[in-house]
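**Student:** this is a predicted model, with the sequence first.
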Amino acid sequence: MAKILVVEDQQHFADLIKDWLSAEGYLVDFAVTGPDALRLLKQCEYDLIVLDVNLPAVSGLDVCRAFRQRGGTTPIIMLTVNRTIDDKEFGFDAGADDYLTKPFHMRELSARVKALLKRASPAQPGGVLKAGSIAVYPAEHRVTKNGVAVDLMPKEFALFEFLMKHPNQVFSTDSLIQRVWPSSSQATPETIRSHITRIRQKLDEENSLIVTVHGVGYKLRVESL
C-alpha cells in the first residue's frame, strides 16, 4: 500500500482527492499549508506527493524546491490552475515530476499516480511479490501460501506487503508506523508487535519470514533475490 501526501488548501477539493485515492487503496496524509507539508516530509516517508502550487505562506514551488534541496527523491505531482508553459517550466525546474491542471478528472489523477509509483518501484513480474511458498498479490489484496489463501486483516496485509517490497531491509517499529499508518494514527510499537505476531501465526511459518532484529526492529528474510 503506497503512502501519499496530499497538500491542498481548498478543503473541499482536498477531501475529493483524499476520498478518491483512499478508495483506490492508498494510505493518504493531508496538509493545508507549505510549512505543514515540510514538517510532515521531515517526520514521515511517502511514496508520492500531490502538491498544489498556490498554497498560503509557502508556495508549492517553494515546498518542492526545499524538499529536493535536502535530498528528497519522492515523486511529486504538482496541481495548478495556470495553463501557461512558463508556469509548468517553473515547476519542473523546482523538481516536480508531473503536472495536472485544474480542473481535472480523478481518473486522470489515478493514472498519473500509478505511472509515477510504477516508475519509482522495482519491477515485479505480474505485480506479484514472492518469498518461498508465500505470494502477495497487491492489486487483488490477496496473500497465498502454497497456493492456499491466507486471510490477513487490512493493516496486517499493508504491513506484510511493505516488508515484502523491501526484503532483507531492517525497519524499526517507528519506521513501520510511519510507512504503514497515517500520521494522525495512535499506533504504538506494541501495535506493530501484535500485528507481526498475528501475521506469523496466520502464515504458520516454523522459521518465520519476518525476523526480529533485537534492539533494532524487523525485516523480511529472503535468502536469494
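**Tutor:** Alright, I've got the coordinates.
**Student:** and the helices in this structure, which stretches?
**Tutor:** For the chain, helices defined by DSSP state H occupy the ranges 11-23, 34-43, 60-69, 85-94, 106-120, 154-165, 173-180, 189-203.
**Student:** least confident of these, on average?
**Tutor:** Ranked by mean pLDDT, those bottom out at helix 85-94, with a mean of 78.
**Student:** please compute how far it lies from its chain's middle.
**Tutor:** How far helix 85-94 lies from its chain's middle: 25 Å, per CA atoms, centre = their mean, to the nearest Å.
**Student:** report all helices and strands that it contacts.
**Tutor:** helix 60-69, strand 76-80, strand 98-101 (3 or more CB pairs under 8 Å, 6 or more residues apart in numbering; DSSP states H and E). C-betas here are computed from N, CA, C, even on glycine.
**Student:** please identify which of those is closest to Val143.
**Tutor:** strand 76-80 (30.0 Å; CB to CB).
**Student:** now do that closest one: which elements does it pack against?
**Tutor:** Applying 3+ CB pairs under 8 Å, 6+ apart, one finds that strand 76-80 contacts strand 48-52, helix 60-69, helix 85-94, strand 98-101, helix 106-120.
**Student:** so which of the helices and strands packed on helix 85-94 is the most packed in?
**Tutor:** Highest mean neighbour count of those: strand 76-80, a mean of 24 (counted as mean count of other CB atoms under 10 Å).
**Student:** quick one, that strand and helix 106-120 angle?
**Tutor:** Relative orientation of strand 76-80 versus helix 106-120 (axes from the mean of the first three to the mean of the last three CA atoms, to 10 degrees): 150 degrees.
**Student:** hey, C-alpha coordinates of strand 76-80 in CSV?
**Tutor:** Below are the C-alpha coordinates for strand 76-80, written out as CSV (Å, rounded to 0.1, in the frame of the first residue of the first chain):
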residue,chain,number,x,y,z
ILE,A,76,5.8,14.9,-7.0
ILE,A,77,2.7,15.7,-9.0
MET,A,78,2.0,19.5,-9.0
LEU,A,79,-1.5,20.9,-9.2
THR,A,80,-2.2,24.3,-10.7
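**Student:** pretty sure Trp217 is in contact with Ser172, am I right?
**Tutor:** In this structure residue 217 is Gly, not Trp. Yes. Counting by CB atoms under 8 Å, Gly217 does reach Ser172; the two are 4.0 Å apart.
**Student:** the more surrounded of those two?
**Tutor:** Gly217 (18 against 15; other CB atoms under 10 Å).
**Student:** with Ala149 as the reference, measure out to that one.
**Tutor:** For Gly217, the distance to Ala149 equals 28 Å [CB to CB, to the nearest Å].
**Student:** same question, Pro189
**Tutor:** From Pro189 to Ala149 the distance is 30 Å (CB to CB).
**Student:** more neighbours: these two, which one.
**Tutor:** Each of Pro189 and Ala149 has its neighbours counted (other CB under 10 Å); Pro189 has more, 13 against 9.
**Student:** tell me the domain ranges of this protein?
**Tutor:** Split into domains by automatic domain parsing, the chain comes to 3-120, 125-220.
**Student:** deepest of the ones you listed, which one?
**Tutor:** domain 3-120 (a mean of 17).
**Student:** quick one: contacts for the residue nearest to Pro182 when sequence neighbours are not counted?
**Tutor:** Ranked by CB to CB, 6 or more residues apart in numbering and with sequence neighbours excluded, the top spatial neighbour of Pro182 is Asp29, at 5.7 Å. Residues near Asp29 by CB atoms under 8 Å, 6 or more residues apart in numbering: 3-6, 40, 44, 46, 182-184.
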